[in-house]
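Chemist: I'll drop the sequence and a predicted model, then ask my questions.
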Amino acid sequence: MRALISVYDKTGIDDFARGLAGLGWELVASGGTAKHLEGLGLTVEHVESLTEFPEMLGGRVKTLHPRIHAGILARRDRDDDVATLEQHEIAPFDLVCINLYPFEQVAAQRGVTEAEAVEMIDIGGPSMLRGAAKNFAHVAPVCRPERYAFVLDELRANGGLSLETRRELAAEAFATTAAYEAAIASWFSDREPFPDTLVVALDKVLDVSYGENPHQRAAYYSERGARTHLLARVEQLHGKDLSFNNLNDLAGARALLREFALPACVIVKHANPCGVGVGATVEEAYDKALASDPTSAYGGIVVVNREVDDALGAKLAEQFVEVLFSPGYSEAALAALQQRQNVRILVDHEQRRSSGDTRTYKRVAGGMLVQDPDAEVEERDGWELVTGTLDEQQWGDLVFAMRVCKHVASNAIVLAKDLATIGIGAGQMSRVDSVRIAVDKAREFGHDVHGSVLASDAFFPFADGPQLALDAGVAAIVQPGGSRRDQEVVDAIGAAGVAMVFTGRRHFRH
């Protein structure tokens, strides 16, 4: 049996090569890999001695040779292929172990030149890996160090690899080369936000407990090349496995939490915020968020941007929380929370404040809708006060309310007071219904709507929606404007002595 080994990343290769040699396999390796294996005391045939050609062009050409590729691609069940190997005295390979130049890692480095990135585009590696994968009926392609032990175990147990194992390894090889090419294509086309062909490569981060419903299987994948991803540097300290819905809700909660630098708490249920608060302390922020809609908060996702201290930990331990996300926990807080068997406790070790992804994707039948991420909510300097007057507290509440509203499913209405949500209307076909739901929610939990502010993610086409808010006692409204009937709405608000601001920017979330 004969193995060809050519790896840039030497992780795990020592034990793998020793294991193959211990089973009587002949080892063939290229360049630095051959020298590395010889340094372990293993007998290795160099590629250049096999091809009778030295490496050339600075190492760009070393394995692109018939003695290599014929040995990989020959079909052992075809007499003509076998005869060709015998005629040219070419020995076949039974296993090809390849990993590729680290193009993505090098290209992502600050200050790297185009020439340096281009040198990390592997040519021979993908060619050999694809050849072995194509000929999986006779050759085992191995491209992931995580698979070395598995392959050795099966070889030791059975003397060879089953067809099913070789088929699995072939799938991994083609996925590896496809993702590699996708990363290179993205790098070359990064000057164009929406190139004619968009190739997205995804790497599985974890299997989740179930999908949107228990009968659906699911997994979480991160986009290759993204600056960060949902669970990057996130550690689970306690609780059951995360589900599809947990992750979907967590994504929305984290995106909203990024809107605030002050101590903040976001509670999300079914992909919509049901409570958001900003306070002098994170405990105060949590109290505000919970008070917004304590019924909906039951079994929700709670995220905070400050460490959970002893007092907050004790409060959270009394509440049924599906997922808790924080940059840290005091010892007493963690001990109290771990008494709740089912709460999934996540700690965020990421120090940078991520701005989110560069593109957003929405799956539709047979394709994908791709867009830029929604812009950040502008500060009030870019807004227009079209009627009434505002004090500083109201301005602050309007900015807060619009930041929350951006993350609520359209049609979205948010009522806020003292940097806390008091009523949220989400996902309605009619904006009037969203206003009605927001007002009813506020009253249901005893919030005083008088003096509150209202944010709408899009313009009011008629004055009926704002009129419901006026009747409830709302003191200020912020909306994008842009309706043909804007003046009608402005006149109605002005006649009631209420202030209204136009932002000039819509924030639909579908």
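Modeler: That came through, no problem.

Chemist: Does Arg147 belong to a helix, a strand or coil?
Modeler: Secondary structure assignment for Arg147 (DSSP: H, G, I helix; E, B strand; the rest coil): helix.

Chemist: Could you count how many residues lie near it?
Modeler: 19 (other CB atoms under 10 Å). Using the backbone N, CA and C atoms, a C-beta is placed for each residue, glycine as well.

Chemist: Would you mind measuring from it to Asp433?
Modeler: Per CB to CB, to the nearest Å, Arg147 is found 54 Å from Asp433.

Chemist: ok, now Tyr361?
Modeler: Counting by CB to CB - Tyr361 and Asp433 are separated by 29 Å.

Chemist: Just want to know which of these two has more residues nearby.
Modeler: More neighbours surround Asp433 than the other of Tyr361 and Asp433, with 16 against 12 (other CB under 10 Å).

Chemist: What separation do you get for the more buried one and Gly427?
Modeler: For Asp433, the distance to Gly427 equals 10 Å [CB to CB].

Chemist: Tell me the residues that contact both of the two, please.
Modeler: Asn411 (CB atoms under 8 Å, 6 or more residues apart in numbering).

Chemist: Can you list the low-confidence ranges for this structure?
Modeler: For the chain, the stretches with pLDDT under 70 are 51-53, 56, 58-59, 61-62, 64, 351-357.

Chemist: who touches Leu237 in this structure?
Modeler: Applying CB under 8 Å, 6+ apart, we find Leu237 in contact with 329, 334, 338, 345-347.

Chemist: And the helix or strand encompassing it, what's buried?
Modeler: Assigned by DSSP states H and E, Leu237 falls within strand 234-238. Buried residues in strand 234-238, counted by 16 or more other CB atoms under 10 Å: 234, 238.

Chemist: try stretch 86-94
Modeler: By neighbour count on 16+ other CB under 10 Å, the buried set for stretch 86-94 is 90-94.

Chemist: And stretch 499-510, by the same measure?
Modeler: Neighbour-count burial for stretch 499-510, counted by 16+ other CB under 10 Å, picks out 499-503, 505-507, 509.

Chemist: Which parts of the stretch 151-300 of the chain are helices?
Modeler: 163-188, 244-257, 282-292, 294-297 (DSSP state H, counting those that start in this stretch).

Chemist: and the buried residues of stretch 499-510 as TSV, adding secondary structure and distance to Phe445?
Modeler: As requested, the buried residues of stretch 499-510 are arranged in TSV below (DSSP: H, G, I helix; E, B strand; the rest coil; distance: CB to CB, whole Å):
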residue	secondary structure	distance to Phe445
Ala499	strand	25
Met500	strand	26
Val501	strand	26
Phe502	strand	30
Thr503	coil	28
Arg505	coil	30
Arg506	coil	29
His507	coil	25
Arg509	coil	24
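
Chemist: Just send the residues you listed back as JSON lines, with distance to Leu4 too.
Modeler: JSON lines is the format used below for the buried residues of stretch 499-510 (distance: CB to CB, whole Å):
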{"residue": "Ala499", "distance to Leu4": "74"}
{"residue": "Met500", "distance to Leu4": "72"}
{"residue": "Val501", "distance to Leu4": "68"}
{"residue": "Phe502", "distance to Leu4": "67"}
{"residue": "Thr503", "distance to Leu4": "62"}
{"residue": "Arg505", "distance to Leu4": "57"}
{"residue": "Arg506", "distance to Leu4": "58"}
{"residue": "His507", "distance to Leu4": "55"}
{"residue": "Arg509", "distance to Leu4": "51"}
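
Chemist: nearest to Glu322, of those?
Modeler: Using CB to CB, Arg509 comes nearest to Glu322 of those, at 21.3 Å.

Chemist: Check the gap between that closest one and His407 for me.
Modeler: According to CB to CB, Arg509 and His407 sit 7 Å apart.

Chemist: can you check Thr197 too?
Modeler: Look at Thr197 and His407: by CB to CB, they are 32 Å apart.
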